[in-house]
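Enquirer: missing the sequence, but the structure's below:
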Ligand code: CTP
Ligand code: CA
């Protein structure tokens, strides 16, 4: 593992990392969520701290151990994550959105537990806000915006579309179909997609991926 404990090459920089899943309530008992464990985002937060940055970590609910070094803001829903990000985005030199934000939430949330009937049931969903899209529209000058993209097909093409649509600087693309990549693993296989190029990295630990992301943002 590349530990850059002595080299505080990013000191004075402020970064915001979002990590983990969001959960969207259906009623007081059930929710809709995804398999994100937060490991990749937490690795970025740690690497950034080791290199001297001031780190804010907005995290969805996860079992991954919360770091002591960062300002940690715990959220549950996409709405809460959006509010936490809006409250601190302006002061950040870079924002790294590793969180797996729900794209849809139940349109209405029951105040009581939904009782089952003999028939089927339908949950109507509505779109959540796209936080990264909003950040691209409200960017502070010189601020670097990095998103993550999970795809099971046409990874490069779909990811580059997100880079353009959201007006961001980099997308870290994961192919979920590859062994050693994706949810819950300690390694990852990613491609760093910027306006200029696609940089395909070999399989490496999430800590190493985190350093490569920071190199790409600050050391080019
Ligand atoms: N993202 C976000 N807010 C949302 C949805 C996604 O900020 N409501 C961010 C994620 O944190 C990630 C990036 O957008 O950094 C890409 O997320 P992804 O789910 O791969 O792409 P989407 O744009 O949501 O498109 P789709 O899920 O249809 O592939
Ligand atoms: Ca999505």
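Expert: Structure received. Since this is a predicted model, take the numbers as computed values, not measurements. Numbering: from 1, shown residues only. Ligands and ions are numbered 1, 2, ... in the order given.
Enquirer: so is residue 79 in a helix, a strand, or just coil?
Expert: When the structure is split into helix, strand and coil by DSSP: H, G, I helix; E, B strand; the rest coil, residue 79 lands in helix.
Enquirer: That one against residue 131, yeah?
Expert: No: in this structure, residue 79 is not within contact of residue 131 by C-beta atoms under 8 Å, at 9.9 Å. (Glycine included, C-beta is placed from N, CA and C.)
Enquirer: Between these two, which is the more surrounded one?
Expert: residue 131 (26 against 16; other C-beta atoms under 10 Å).
Enquirer: Please identify which helix or strand holds the closest residue to that one other than its chain neighbours.
Expert: Nearest in space to residue 131, with sequence neighbours left out and distances taken as C-beta to C-beta, 6 or more residues apart in numbering, is residue 82 at 5.1 Å. According to DSSP states H and E, residue 82 maps onto helix 78-88.
Enquirer: Spell out which residues of the chain are next to ligand 1.
Expert: For the chain, the residues in contact with ligand 1 (C-beta under 6 Å from any ligand atom) are 78, 97, 99, 101, 103, 128-132, 147-150, 162.
Enquirer: Can you select the buried ones from these in ChimeraX?
Expert: Only the buried members of those enter the following ChimeraX selection, criterion being 16 or more other C-beta atoms under 10 Å:
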select :78,97,99,101,128,130,131,132,147,148,149,150,162
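Enquirer: Report the contact partners of the nearest residue to residue 78 once chain neighbours are set aside.
Expert: Once flanking residues are discounted, residue 78 sits nearest to residue 128: 3.9 Å by C-beta to C-beta, 6+ apart. When contacts are counted by C-beta atoms under 8 Å, 6 or more residues apart in numbering, residue 128 is found next to 22, 24, 78-79, 82, 101-105.
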